[in-house]
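*Asks:* just to be clear, the model below is a prediction. Sequence and coordinates:
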Amino acid sequence: PMPAHPMAPPPPLPPQHHVVHVVARSGGFWRAITFVIGLLVIGGVLIAGIAIGIFAMVAGAGYDDVVIPQRFRDGGSNTVAIIPITGGIDERQSEFMRAAVRHVLEDSNILAVVLRVDSPGGEVAASDQIWNEVKRLRSKNIPVVASFGGVAASGGYYVSCGSDYIMAEPTTITGSIGVIAQVMTFEGLMGKIGVQPVTLVATDSPQKDVANDLFRAWNDQDKDKVRMILDSAYDVFHERVRDGRKNVITDESRLNEIANGSIFTATQAKDNGLVDGIGYLDDAIAQAETAGKMATGRSTVVILRRPPSLFGSGLFAEQTSVQNPLDAQHVRQLINELPTPRAMYLMP
């Protein structure tokens with residue numbers, strides 16, 4: 001071959017081949033699964049921690065002390081709070097009302113309250129306690145407008161009569177200003193089944209079994225004692241209505257005619273001075289805005305609710321095995337409770 005020229009470029013190098021070695025490692029799939037499970041566990045722990053913290057906060061405050069605002073209408077910072085009074089009025093209802101009023105007084109943005117009532121009434125003491133909470137709101141310059149749903153009678157009217165303004169829907173049934181108690185006696189039943197109950201009282205308390213013994217027919221002395229209790233409760237009811245409606249019902253003799261236990265339609269109630277206007281919830285909200293010196297239709301409206309019951313009747317109610325309602329303990333408890341006449345602000 002011809003010798004290479006001294007100035008010629010060197011010949012090209014032969015091509016080089018790169019070899020990639022792939023090494024498979026065992027267990028990669030299971031490590032991925034473990035990683036995913038770990039993430040899920042960490043997430044679950046975080047969620048559980050948040051939930052436990054919320055539950056602890058609610059439990060620490062007490063179930064009946066917790067109020068949850070639910071947005072009803074968006075608006076500005078000025079707020080109208082709706083407090084619902086629904087169903088039978090009892091101790092739990094009054095406890096909720098007390099918590100709701102505390103919430104209102106602690107929130108400076110709430111300038112007026114709508115008391116939304118749909119109730120046939122209930123317990124005397126609970127009705128008076130709710131009335132007192134309405135009074136407490138007004139004493140703090142928070143106007144209260146009562147809004148009646150289908151029924152706002154007896155105790156349902158009692159809790160509302162101290163409001164600044166009362167508005168009833170066109171189909172509302174209201175009134176029933178009075179007190180009632182119902183008692184069952186079992187003397188005839190005991191005779192039929194061959195049982196002769198014996199009631200003993202201490203020598204120096206002979207009046208102990210008056211209106212307090214269901215196992216005999218009641219006489220006039222028993223009835224008079226209960227009627228005395230009812231009359232006392234009625235006097236308080238009459239006084240609440242008289243003071244709450246004094247600017248509308250100026251003649252007390254007229255009030256006496258109205259406050260005889262009769263029920264009224266919305267129109268009759270307005271004609272008699274028991275309510276101020278006829279309208280719906282939105283109308284009551286507008287009235288509350290006016291009373292609270294807010295621009296109509298521009299305020300935020302919230303409904304104050306009880307927290308949802310998660311376990312039974314209370315948030316942390318203990319679940320126990322079903323007990324026999326006819327065991328001796330329950331029978332004795334029933335017998336002890338039945339003889340106590342309960343005065344009720346309740347539409348029969």
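*Replies:* Right, received. Where do you want to start?
*Asks:* tell me the secondary structure at Tyr345.
*Replies:* strand (DSSP: H, G, I helix; E, B strand; the rest coil).
*Asks:* does it touch Gly155 like I think?
*Replies:* Yes - shown here, Tyr345 and Gly155 form a contact pair, counting by CB atoms under 8 Å, at 3.5 Å. C-beta coordinates here come from the backbone N, C-alpha and C atoms, glycine included.
*Asks:* what is in contact with those two at once?
*Replies:* Shared contacts of Tyr345 and Gly155 (CB atoms under 8 Å, 6 or more residues apart in numbering): 89, 121-124, 127.
*Asks:* which of these fall within helices?
*Replies:* Secondary structure defined by DSSP state H assigns 124, 127 of these to helices.
*Asks:* would you format the shared contacts of Tyr345 and Gly155 as CSV with distance to Tyr280 included?
*Replies:* Converted to CSV, the shared contacts of Tyr345 and Gly155 look like this (distance: CB to CB, whole Å):
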residue, distance to Tyr280
Ile89, 23
Gly121, 22
Gly122, 24
Glu123, 28
Val124, 30
Ser127, 24
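*Asks:* now render the shared contacts of Tyr345 and Gly155 as CSV, adding neighbour count.
*Replies:* Formatted as CSV, those follow (neighbours: other CB atoms under 10 Å):
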residue, neighbour count
Ile89, 31
Gly121, 27
Gly122, 26
Glu123, 20
Val124, 25
Ser127, 30
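*Asks:* isn't Ile263 up against Thr172?
*Replies:* No - look at Ile263 against Thr172 with CB under 8 Å: they stay out of range, at 10.3 Å.
*Asks:* the closest residue to Ala112 other than its chain neighbours: neighbouring residues, count only.
*Replies:* Nearest residue to Ala112 in three dimensions, chain neighbours excluded: Gly292, at 3.4 Å (CB to CB, 6 or more residues apart in numbering). By the criterion of other CB atoms under 10 Å, Gly292 has 20 neighbours.
*Asks:* next one: the one 5 residues further on
*Replies:* The burial count assigned to Gly297 is 11, neighbours taken as other CB under 10 Å.
*Asks:* go ahead and confirm it touches Ala286.
*Replies:* Yes - at 7.1 Å, Gly297 counts as touching Ala286 under the criterion of CB under 8 Å.
*Asks:* quick one on the thing from earlier: now do the contacts for the residue nearest to Ala112.
*Replies:* Taking CB under 8 Å, 6+ apart as the test, what Gly292 contacts is 78, 80, 111-112, 142-143, 299.
*Asks:* cool, and Asp204?
*Replies:* Asp204 touches nothing, counting by CB under 8 Å, 6+ apart.
*Asks:* send me the helix or strand harbouring Val145 as CSV with only the CA atoms.
*Replies:* If you go by DSSP states H and E, Val145 is part of strand 144-153. Extracted as CSV, the C-alpha positions of strand 144-153 are listed here (Å, rounded to 0.1, in the frame of the first residue of the first chain):
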residue,chain,number,x,y,z
VAL,A,144,-86.5,40.9,68.6
VAL,A,145,-89.1,40.2,65.9
ALA,A,146,-91.2,37.1,66.4
SER,A,147,-92.2,35.2,63.3
PHE,A,148,-95.0,32.7,63.6
GLY,A,149,-95.2,29.6,61.5
GLY,A,150,-98.1,27.2,61.4
VAL,A,151,-98.7,27.2,65.1
ALA,A,152,-97.6,29.6,67.8
ALA,A,153,-100.1,28.9,70.6
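*Asks:* so which elements touch that strand?
*Replies:* Strand 144-153 sits against strand 110-119, helix 124-139, strand 165-168, strand 173-175, helix 281-291, with contacts defined as 3 or more CB pairs under 8 Å, 6 or more residues apart in numbering; DSSP states H and E.
*Asks:* contacts for the helix or strand following it?
*Replies:* Counting by DSSP H and E, the next helix or strand C-terminal to strand 144-153 is helix 155-158. Residues outside helix 155-158 that contact it (CB under 8 Å, 6+ apart): 85, 89, 117-124, 126-128, 131, 148, 174-177, 237, 240-241, 274, 344-347.
*Asks:* again with stretch 254-268
*Replies:* Here stretch 254-268 has contacts from 148, 153, 168-178, 237-238, 241-242, 245, 249, 272-275, 278, 347, using CB under 8 Å, 6+ apart.
*Asks:* which one of Ile263 and Thr172 has more residues nearby?
*Replies:* Counted by other CB under 10 Å, Ile263 and Thr172 do not tie: Thr172 has more neighbours, with 25 against 19.
*Asks:* so that one touches Ala146, yeah?
*Replies:* No - applying CB under 8 Å as the test, Thr172 and Ala146 come out as separate, 10.8 Å apart.
*Asks:* joint contacts of the two?
*Replies:* Contacts common to Thr172 and Ala146, judged by CB under 8 Å, 6+ apart, are Ala152.
*Asks:* quick one on the thing from earlier: measure the residue nearest to Ala112 to Val134 for me?
*Replies:* 15 Å (CB to CB, to the nearest Å).
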